[in-house]
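Asker: Could you look at this predicted model? Sequence included:
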Amino acid sequence: MDVVIVTGLSGAGKSQAINCIEDLGYYCIDNMPPALIKEFLSLCVQGKTDIQKAAFVIDIRGGEFFNELKHILTELKSSGLELKIMFLEASDEVLIRRFNETRRTHPLLAGGTIMDGLKKERIKLLEIRKMADYIIDTSSMKTSMLKKEIKELLLSEDDGEAFTISIKSFGYKNGIPLDADIVFDMRFIPNPYYLASMKKLTGNSKKVRDYIMKFPESKKFVKTVDQMINYLMPLYIREGKSHLVLAFGCTGGQHRSVTMANVFSKLFTEQGKRVITVHRDL
């Protein structure tokens, strides 16, 4: 049976995520006490329902029930179910803005500020985050981009390809993606932004790509990182990791980072790997 647990920070987009997962044919339940998940799944496995795929949103709204989550997840992971944990997060600044825009109250506010609630929540969720198979930073994501990433992650599981590489480009001026496993700084490459003919173009342009890839250091970088990732993948898989996020950054997230993200997306796709590509700041 295919089971997805959606959890993470309040305001990070769990509602949008579960809506997307429901569209993929999952039976979805929001805010079920963790202890009841085992009973529900037991009924499904025993054939008392026709449910083959289920997803649950579990977060700190569960109050005291939430404290049981780590223990329940550990049991489920060792039970033989196809269990995946999806953790959604965003920067404090973005989460505070979302709460202010929606005029909702943080579940852990308790008379303090939204920031106080977020700090408490991050501490309570720390152990669950470490258990997550997928960590998604929604700080700069539109709903359509979040749905696209979730769809590609879960459908890759259906195809029997358990390991997925998410490749992201970003600009340092907007911050490093929170969900990045490995970050590469592309600012060692000459910047096309300072050339009038390419200033208004992006790394999706062939002209910019050809310029960036003409440098020997760019070619050597691609070769070196390709070898490194192919060396690391089997080791990650051995340790149970199924999702690797590679982030390529430059100053503005428009030229060098976009080019390199595209180069590696094409390279890894040609190698038969499952690849998701996101240009965060483009």
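Answerer: Alright, I've got the coordinates.
Asker: hey, let's count contacts and neighbours off CA atoms from now on
Answerer: Fine.
Asker: pLDDT below threshold where in the protein?
Answerer: Residue ranges of the chain with pLDDT under 70: 110-111, 156-162.
Asker: Report the residue ranges of every domain in it.
Answerer: By the assignment in automatic domain parsing, the chain contains the domains 2-158, 164-279.
Asker: okay, those in CSV with mean neighbour count next?
Answerer: As requested, the domains of the chain are arranged in CSV below (neighbours: other C-alpha atoms under 10 Å):
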stretch, mean neighbour count
domain 2-158, 16
domain 164-279, 17
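Asker: what about the strands in the stretch 151-282 of the chain?
Answerer: Under the criterion DSSP state E, counting those that start in this stretch, the stretch 151-282 of the chain contains strands at 164-171, 182-185, 243-250, 274-279.
Asker: Which neighbours in the sheet does the first one have, and how are they oriented?
Answerer: The strands that strand 164-171 pairs with in its sheet are strand 243-250 (parallel), strand 274-279 (parallel) (by DSSP bridges).
Asker: With only the CA atoms kept, save it in CSV.
Answerer: C-alpha atoms of strand 164-171 as CSV (Å, rounded to 0.1, in the frame of the first residue of the first chain):
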residue,chain,number,x,y,z
THR,A,164,14.7,11.6,-7.7
ILE,A,165,17.0,14.5,-8.2
SER,A,166,15.6,18.0,-7.9
ILE,A,167,17.7,20.6,-9.5
LYS,A,168,17.2,24.3,-8.6
SER,A,169,18.7,27.5,-9.7
PHE,A,170,18.6,30.5,-7.4
GLY,A,171,20.0,34.0,-6.7
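Asker: my guess is residue 277 contacts residue 263, does it?
Answerer: No - distance between residue 277 and residue 263: 10.7 Å, which falls outside the contact criterion (C-alpha atoms under 8 Å).
Asker: relative to strand 243-250, how tilted is the longest helix that the chain contains?
Answerer: Assignment by DSSP state H gives helix 216-238 as the longest helix of the chain. Helix 216-238 and strand 243-250 are oriented at 160 degrees to each other (axes from the mean of the first three to the mean of the last three C-alpha atoms, to 10 degrees).
Asker: what's next to helix 216-238, contact-wise?
Answerer: With contact meaning C-alpha atoms under 8 Å, 6 or more residues apart in numbering, helix 216-238 is reached by 163, 189, 212-213, 242, 264.
Asker: which one in this protein is furthest away from the centre?
Answerer: residue 196 (35.6 Å; C-alpha atoms, centre = their mean).
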